[in-house]
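> have a look at this prediction, sequence included:
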Amino acid sequence: MSVKNLRVPVAATLVTLAGAAALLSGPLPRHEPASASLARLPGTKGAATGVAATTGPTGAIGPSGPAGTTGTTGAGRPGAPPGPGPAPASVPPGGDTGTSLPGGTRPGTRPPVVDHGPRTGNKVALTFDADLTDAMRRQLRSGAVRSYANLAIIELLERQRVPATFFLTGKWVEQYPQVTRRLAGNPRFELANHTYGHLAFTSDCYQLPRIREQEMNADVARTFDVIAPYGGRQTRYFRFPGLCHDETALTALAPLGVTVVDGDVVSGDPFATAWRPVVRAVLSQVRPGSVIILHVTEANAPMTDEALPHILAGLAERGLQPAPLSEVLADPARAR
């Protein structure tokens, strides 16, 4: 896979994250130095300003309502309509490691870490994280928040026939099975892994609770098992919460045969109070081969659905075309 590492500008996200600063009580992890000509080296910490604010401090953000509901979006917008039953699994739960799927690597080797695809052509990847922590789930159940599934985003992508890749936490899938069914049923959408409960895989990761080292592998494997029965365009792509990872975390995931995807365009959409800074952050950084990080978690990324039409228009003006992540990374071994 021919990829390069592009430094994510910090300034582009500061305006968007100003509203989140008061919610983060601890110091943010530093963004490690990068080389413009080399792929990200395994074992580095990829925390990018603005991304880990997805959940902020433990308890600062929370998920959805009763398990199995789709919730609502915005001012009373209805949840996703019931869909058909789960499609046959593309990856047998607990079985095939998925080496034939996009992002699949040889089990036992340390996962490659990529930020973007080749800087040729005109394709870019829209990726949406679907976070859900225990604290978020408590907020949903208490009624403190309405929904962590932004259906307006999905509806826009469907209406304009725009490809996208969704990094799902297992708890989000369990909370929103009908929405997951809807994503899996769209041939333009890919499904990827964002851990089971959005726990941190390193210390000092935006004050997220940390998972124990001996549980890391099982957590990610469990999430693949949760996603697999929904079928659709399954992948072996994985994204760490907060983009925080180190040598220990990468080694723990080696048996799973995954590719770790960070990203080179940080939208800063979590906690944004206006859509314009999100649009500026994306369009000021995007280039051919870019992997754009956005969120589909409505309550803690409330401006994303308003920003998205302007982002799509700006990409079109620049001659850039959204494509599934697997196409943007352009793995020649899996070209179809």
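Arrived safely, thanks for sending.

> wait, doesn't Pro309 sit right on Leu157?
No: assessed by CB atoms under 8 Å, Pro309 is found out of contact with Leu157, at 10.7 Å. From N, CA and C alone the C-beta is placed, and that goes for glycine too.

> compare these two and say which is more crowded by neighbours.
Leu157 (23 against 13; other CB atoms under 10 Å).

> what's the helix or strand where Glu174 lies in contact with?
According to DSSP states H and E, Glu174 maps onto helix 170-175. With CB atoms under 8 Å, 6 or more residues apart in numbering as the test, helix 170-175 has contacts from 63-64, 67-69, 130-134, 137, 140, 148-149, 180, 194-198, 222-223, 226-227, 230, 297.

> pLDDT on that helix, on average?
When pLDDT is averaged over helix 170-175, the result is 98.

> buried residues in that helix, which are they?
By neighbour count on 16 or more other CB atoms under 10 Å, the buried set for helix 170-175 is Gly170, Lys171, Trp172, Val173, Gln175.

> same question for stretch 107-127.
With the criterion 16+ other CB under 10 Å, stretch 107-127 contains buried residues Pro111, Pro112, Val113, Val114, Asp115, His116, Gly117, Lys123, Val124, Ala125, Leu126, Thr127.

> for stretch 241-261, same thing?
So, applying 16+ other CB under 10 Å, buried residues of stretch 241-261: 241-246, 249-254, 256-261.

> ditto for stretch 321-334
For stretch 321-334, a neighbour-count test (16+ other CB under 10 Å) marks Gln321, Pro322, Ala323, Pro324, Leu325, Ser326, Glu327, Val328, Leu329, Ala330, Asp331 as buried.

> kindly report the same for stretch 133-140.
For stretch 133-140, burial by neighbour count (16+ other CB under 10 Å) applies to Thr133, Asp134, Ala135, Met136, Arg137, Gln139, Leu140.

> which stretches in this structure count as strands?
113-114, 123-130, 164-168, 189-193, 233-238, 259-261, 265-266, 291-295, 321-322 (DSSP state E).

> adding distance to Gly103, write those strands out as a markdown table.
Shown next, in a markdown table, are the strands of the chain (distance: least, CB to CB, whole Å):
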| stretch | distance to Gly103 |
| --- | --- |
| strand 113-114 | 9 |
| strand 123-130 | 12 |
| strand 164-168 | 10 |
| strand 189-193 | 7 |
| strand 233-238 | 4 |
| strand 259-261 | 4 |
| strand 265-266 | 19 |
| strand 291-295 | 12 |
| strand 321-322 | 18 |
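
> to Leu208, which of these lies closest?
Ranking the strands of the chain by their distance to Leu208 (criterion: CB to CB) puts strand 123-130 first, at 13.1 Å.

> sorry, back to before: turn the buried residues of stretch 321-334 into JSON lines, including pLDDT.
Formatted as JSON lines, these follow (pLDDT from 0 to 100):
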{"residue": "Gln321", "pLDDT": "98"}
{"residue": "Pro322", "pLDDT": "98"}
{"residue": "Ala323", "pLDDT": "98"}
{"residue": "Pro324", "pLDDT": "98"}
{"residue": "Leu325", "pLDDT": "98"}
{"residue": "Ser326", "pLDDT": "97"}
{"residue": "Glu327", "pLDDT": "97"}
{"residue": "Val328", "pLDDT": "98"}
{"residue": "Leu329", "pLDDT": "96"}
{"residue": "Ala330", "pLDDT": "82"}
{"residue": "Asp331", "pLDDT": "55"}
